[in-house]
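Asks: this one's structure only:
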């Protein structure tokens, strides 16, 4: 199912888009129904979840449309947490609604675990295990039995010394991000930065407060 979904996304990303899309006209729309209808009539839908719909705008941008207050909170989180220090690990934000009803973000191609390893030099499984360990090590209030990853020390040291891991870990701490999202491969995409393929976070709209408010059972 994952392979089929990735193939569908790749196909959507390479399709032509209508030339009569206007962000100015879209921004004037007053209701979610009107915004959705406008997008559905002109843009290609990439994905849809419980809180947001993602549309391809053109070859460089996507639109994240909030469905509800949860989606608005996630859009706000992405806007508020995007800054220059972390810009090399985050999909760029180009434009957004002042009430966070939508966000225009950099278009990335899907990142698989094999692509992740090819670009970073280490496996996504090892990256995730070390990031999870760091999260619970720094959050002892969370009721979780935290064990050091069963990974060779030299691998742990290599990943911890890597700039990408270091920035994701710092980002997680600085913005109280929910680790569950940061260890999901679907939260990452691939973009070109300075002519090189780079892994970036494309879904970073859920910090611990949003998770506790909307997702915790």
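Replies: Good, I have the coordinates. Predicted, not measured: the structure shown is a model, and the values here were computed from it.

Asks: and the nearest residue to residue 202 once chain neighbours are set aside, what does it touch?
Replies: Nearest non-adjacent residue to residue 202, counting by Cβ to Cβ, 6 or more residues apart in numbering: residue 189, 4.1 Å away. (Glycine included, C-beta is placed from N, CA and C.) Residues near residue 189 by Cβ atoms under 8 Å, 6 or more residues apart in numbering: 91, 108, 109, 110, 111, 199, 200, 202.

Asks: dump the residue contacts of the fifth one.
Replies: Think residue 111. 185, 188, 189, 190, 199.

Asks: So the last one, which state does it fall into?
Replies: In this case it means residue 199. With DSSP: H, G, I helix; E, B strand; the rest coil as the basis, the three-state label of residue 199 is strand.

Asks: heads up, I number from 88, so please use that
Replies: Renumbered: residue one is now 88, and that last one reads residue 286.

Asks: Tell me, domain by domain, which residues of this protein belong where.
Replies: The chain breaks down by automatic domain parsing into domains covering 89-195, 200-302.

Asks: re earlier: most neighbours of all the contacts of residue 198, which one?
Replies: residue 275 (26 neighbours; other Cβ atoms under 10 Å).

Asks: thought that one was touching residue 268?
Replies: No - taking contacts as Cβ atoms under 8 Å, residue 275 lies outside contact range of residue 268: 10.2 Å.

Asks: before we move on, back to that, make a markdown table from the contacts of residue 198 and add pLDDT to it.
Replies: Formatted as a markdown table, the contacts of residue 198 follow (pLDDT from 0 to 100):
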| residue | pLDDT |
| --- | --- |
| 272 | 97 |
| 275 | 98 |
| 276 | 98 |
| 277 | 98 |
| 286 | 98 |
